[in-house]
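J.: What shape does this take:
(one chain, ligands or ions: 1)
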Amino acid sequence: MDETQEPSLSLGPAGAGARGAEYKVLARKYRPQDFTGLIGQEALVRTLSNAFATGRIAHAFMLTGVRGVGKTTTARIIARALNCIGPDGKRTDPTIHPCGVCEPCIAIAESRHVDVQEMDAASRTGIDDVREIIEGVRYAPASARTKVYIIDEVHMLSKQAFNGLLKTLEEPPPHVKFIFATTEIRKVPVTVLSRCQRFDLRRIETGELIAHLQSIATKENVKIEAAALALIARAAEGSVRDGLSLLDQAIAHGEEGTITAETIRAMLGLADRGRVLDLFEKVMSGAIAEALAGLGELYDRGADPLAVMQDLLEIVHFLTRVKVAPNAEGFFDGSSGEAKRAAEMAGKLSVPSLTRAWSLLLKGLFEVRDAARPVAACEMALIRLAYAADLPPTDKLFRDLLDSNSNPPLEGRGSAGSADPSPKNPSRPLADAHGPHDFSTLPQGEGGRLAVSPQPATNAAPALHTLEDIAALAQAKGAPVLKVHLENDMHLVSLEPDRLEFRPSARAPKTLAGDLAQKLKDWTGARWVVTLAREGGAPTLAEQKRTAKAARHERVLQEPLVRAVMDRFPGAEIVAVRDIPTEDVAAPTPEDGEE
Ligand SMILES: [Zn+2]
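T.: Numbering: from 1, shown residues only. The predicted model follows:
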């Protein structure tokens, strides 16, 4: 029954998933059925319990919080609490502990109760849509105790629609309750807000989310490394739904045995933290050639340049915190070898050099995000940082700047020039080429004037000709969850400018089309129409990649030299196929290494 409203989930047989038709995405399988199942929302549960106990239940609720935090789920639980009749069918009052087995409870959970209406204001924004509700409010419920209207993304309603609704909210009939949900509370008119009891659903803490995911993995008999769960939880950014959806993907990705952090990193396009720490160490010691080689290696292993920049920033943040508060926790697991190495490194670096590294990396982050070739921008940022590591401390630079207010640019360049001859820098010629460029961006005073960007027209809408383009954009914009879905869950049917049709895989979350349309609008400024198809569509990007990899493997096997080796060493296996960079390691061309 539910399936008829969620076509994306009823396409089991067409999906590539090994579990086929009976596979139920984790987010649905483990959707909480009552308030005890809601994780991290104790404040809401306490307030509601009190209200139910004293019989002072508001006639309108406003649930707000980031996407995927459980607003719709909470709304349905409230609707059940209002309408549960108990296993024996005799309950006549609302209860904070809906039974979950009576007819109203089941019907509401499956979104098919006639008296519990759900409306998505994102797609129905007009006064006519609201008028339907206003008309309906006048009539008594058909079978429930209370008529419940759940309006999702209520901030999307037009002004007219809000005004229409307002009259009903002012004098609601006793048999009606409204539950509004929104991700953007500031867009909801105060006149509406003031008539609702508001609940702020908070983001789930990473630790809580890890524990939750772990308990579900255990129930599913899935073995997964703690570090892998931590990566998922961090990428989910406090959203239970995203966390579960990534866990779904991880299960699909994972070979037999335990799902490793390595698998998750590859899936999310993240770099190995230990290696990023190596990279940072090399950069800060001025070993640029080695640093660039390290970056090339990370890139070859699938790490996204933007994620590398983010990790570097987190490392700098962590090191700085370690310096000012030695018990700082965070980026590295407290007991790990990396944490010890980081602590040692923090001892060697000064706070001014760390804060300088922070501002250079932050600038680099934006450049990487907007660059046509992110890895090149990433290399430039590292080179800049490596040379800056030899500069006098920032505070001195600032003082110099302030002292000679009349010609700050010259002062900035002067410092740069004096740093170049440093014996630590192995590649002097590069310094000459890039030195002035780099350091001109250093002191804040002139940063604005000389804000260098290799691609001046970066703010123009990016060209999105293929699904890969969109996946790359999602990654570049820091939306790893969406990127994972784009790669694994979409069978592209057609893609035109501002129009996309796809068949979702069995694992695709039902919000995928809507999420994608919203993000594409945010990123391109154009309104995108994203539609679902029931059949057809190309293999997913992940499937295509696997096919290509297998084909390449096969080609290599046919090489006479390889064949000779295989003949000579029976039982030999090809573990990986890699291209050897044609130039020396200082100038890796990772793009060529892709395929
Ligand atoms: Zn019930």
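J.: And the closest residue to residue 260 other than its chain neighbours, how far from residue 263?
T.: Excluding the flanking residues, the one nearest residue 260 by CB to CB, 6 or more residues apart in numbering is residue 225, at 5.4 Å. C-beta: built from backbone N, CA, C; applies to glycine. When distance is defined by CB to CB, to the nearest Å, residue 225 is 9 Å away from residue 263.
J.: Looking at the two, which has the bigger crowd around it?
T.: Taking residue 225 and residue 263 together and counting by other CB atoms under 10 Å, residue 263 has the greater number of neighbours (19 against 15).
J.: before we move on, which element is the more buried one in?
T.: Assigned by DSSP states H and E, residue 263 falls within helix 261-268.
J.: tell me which residues of that helix are tucked away?
T.: Of the residues in helix 261-268, 261, 263, 264, 265, 267, 268 count as buried by neighbour count, 16 or more other CB atoms under 10 Å.
J.: so what secondary structure elements neighbour the helix or strand in which residue 82 is found?
T.: Under the assignment given by DSSP H and E, the secondary-structure element containing residue 82 is helix 71-83. Packed against helix 71-83 by the contact rule (3 or more CB pairs under 8 Å, 6 or more residues apart in numbering; DSSP states H and E) you find helix 42-54, strand 60-64, helix 103-109, strand 116-120, strand 147-152, strand 176-182.
J.: hmm, 10 Å instead?
T.: Helices and strands in packing contact with helix 71-83 are listed as helix 42-54, strand 60-64, helix 103-109, strand 116-120, strand 147-152, strand 176-182, strand 197-200, helix 240-253; criterion 3 or more CB pairs under 10 Å, 6 or more residues apart in numbering; DSSP states H and E.
J.: between it and helix 240-253, what angle do the directions make?
T.: Direction vectors for helix 71-83 and helix 240-253, defined by axes from the mean of the first three to the mean of the last three CA atoms, to 10 degrees, enclose an angle of 120 degrees.
J.: Taking strand 176-182 as reference, get the angle to helix 71-83.
T.: Going by the same axes, to 10 degrees, helix 71-83 makes 170 degrees with strand 176-182.
J.: Quick check: mean pLDDT of helix 71-83?
T.: Mean pLDDT, helix 71-83: 93.
J.: what angle sits between it and helix 42-54?
T.: Regarding helix 71-83 and helix 42-54, their directions subtend 20 degrees when assessed with the same axes, to 10 degrees.
J.: Is any residue of helix 71-83 near the ion?
T.: No: in terms of CB under 5 Å from the ion, no part of helix 71-83 sits within range of the ion; the closest distance is 6.3 Å.
J.: if we can go back for a sec, adding distance to the ion and mean pLDDT, write the helices and strands packed on helix 71-83 out as a markdown table.
T.: What follows is those, written out as a markdown table (distance: least, CB to the ion, whole Å; pLDDT from 0 to 100):
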| stretch | distance to the ion | mean pLDDT |
| --- | --- | --- |
| helix 42-54 | 14 | 88 |
| strand 60-64 | 19 | 95 |
| helix 103-109 | 3 | 93 |
| strand 116-120 | 13 | 90 |
| strand 147-152 | 14 | 94 |
| strand 176-182 | 16 | 95 |
| strand 197-200 | 22 | 93 |
| helix 240-253 | 23 | 89 |
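J.: Mind putting those into JSON lines with mean neighbour count?
T.: As requested, those are exported to JSON lines (neighbours: other CB atoms under 10 Å):
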{"stretch": "helix 42-54", "mean neighbour count": "14"}
{"stretch": "strand 60-64", "mean neighbour count": "23"}
{"stretch": "helix 103-109", "mean neighbour count": "21"}
{"stretch": "strand 116-120", "mean neighbour count": "19"}
{"stretch": "strand 147-152", "mean neighbour count": "24"}
{"stretch": "strand 176-182", "mean neighbour count": "25"}
{"stretch": "strand 197-200", "mean neighbour count": "16"}
{"stretch": "helix 240-253", "mean neighbour count": "24"}
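J.: In CSV, list those along with distance to residue 88.
T.: Putting the helices and strands packed on helix 71-83 into CSV (distance: least, CB to CB, whole Å) gives the following:
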stretch, distance to residue 88
helix 42-54, 20
strand 60-64, 28
helix 103-109, 12
strand 116-120, 21
strand 147-152, 23
strand 176-182, 24
strand 197-200, 30
helix 240-253, 33
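J.: Select, out of those, the one closest to residue 284.
T.: helix 240-253 (32.5 Å; CB to CB).
J.: what is the orientation angle of that closest one with helix 261-268?
T.: Calculated by the same axes, to 10 degrees, helix 240-253 forms an angle of 110 degrees with helix 261-268.
J.: Send me helix 240-253 as CSV with only the CA atoms.
T.: As requested, the backbone C-alpha atoms of helix 240-253 are provided in CSV (Å, rounded to 0.1, in the frame of the first residue of the first chain):
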residue,chain,number,x,y,z
VAL,A,240,19.8,10.0,10.7
ARG,A,241,18.2,9.4,7.2
ASP,A,242,21.5,10.2,5.4
GLY,A,243,23.4,8.1,7.9
LEU,A,244,21.2,5.1,7.2
SER,A,245,21.2,5.7,3.5
LEU,A,246,25.0,5.7,3.5
LEU,A,247,25.0,2.5,5.6
ASP,A,248,22.7,1.0,3.0
GLN,A,249,25.3,1.9,0.3
ALA,A,250,28.1,0.6,2.3
ILE,A,251,26.4,-2.7,2.7
ALA,A,252,25.9,-2.8,-1.1
HIS,A,253,29.5,-1.8,-1.7
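J.: Just give the closest residue to residue 246, not the sequence neighbours.
T.: Of all residues apart from its sequence neighbours, residue 232 sits closest to residue 246 (CB to CB, 6+ apart), at 4.6 Å.
J.: Residue 40 too?
T.: Using CB to CB, 6+ apart, the closest residue to residue 40 is residue 204 (4.4 Å).
J.: which SS class is that neighbour?
T.: coil (DSSP: H, G, I helix; E, B strand; the rest coil).
J.: Please enumerate the helices of the stretch 351-500 of the chain.
T.: Listed in chain order, the helices of the stretch 351-500 of the chain (DSSP state H, counting those that start in this stretch) span residues 351-370, 374-388, 394-403, 408-419, 428-439, 444-447, 467-476, 480-488.
J.: still on that earlier bit, residues contacting the residue nearest to residue 260?
T.: The contact partners of residue 225, taken as CB atoms under 10 Å, 6 or more residues apart in numbering, are 231, 258, 259, 260, 261, 262, 263, 264.
J.: Give me the phi and psi angles of it.
T.: When quoted as degrees, to the nearest 10, the phi and psi of residue 225 stand at phi -60, psi 150.
J.: Identify each buried residue in the helix holding residue 82, please.
T.: Taking 16+ other CB under 10 Å as the basis for neighbour counts, the residues of helix 71-83 that come out buried are 71-83.
J.: cool, and stretch 282-289?
T.: Judged by neighbour count using 16+ other CB under 10 Å, the buried positions of stretch 282-289 are 282, 283, 284, 286, 287, 288, 289.
J.: near the ion, which residues of the protein?
T.: Residues of the chain lying near the ion by CB under 5 Å from the ion: 84, 98, 99, 102, 105.
J.: Would you check which pair of those lies furthest apart?
T.: Going by CB to CB, the two entries of the residues of the chain next to the ion that are most distant from one another are 98 and 102, at 8.2 Å.
J.: Find the residues that touch each one of the two.
T.: Overlap between the contact sets of residue 98 and residue 102, as judged by CB under 10 Å, 6+ apart, is given by 80, 83, 84, 85, 86, 91, 108.
J.: want to try CSV for the residues you listed, with distance to residue 384 as columns?
T.: Written out in CSV, the entries for these read as follows (distance: CB to CB, whole Å):
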residue, distance to residue 384
80, 57
83, 62
84, 62
85, 68
86, 68
91, 68
108, 57
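J.: And those residues, which is closest to the ion?
T.: Here the nearest of the shared contacts of residue 98 and residue 102 to the ion, counting by CB to the ion, is residue 84; it sits at 3.2 Å.
J.: so how many other residues sit close to the nearest residue to that closest one once chain neighbours are set aside?
T.: Leaving out its chain neighbours, the residue that sits closest to residue 84 by CB to CB, 6+ apart is residue 98, at 3.9 Å. Look at residue 98: counted by other CB under 10 Å, it has 27 neighbours.
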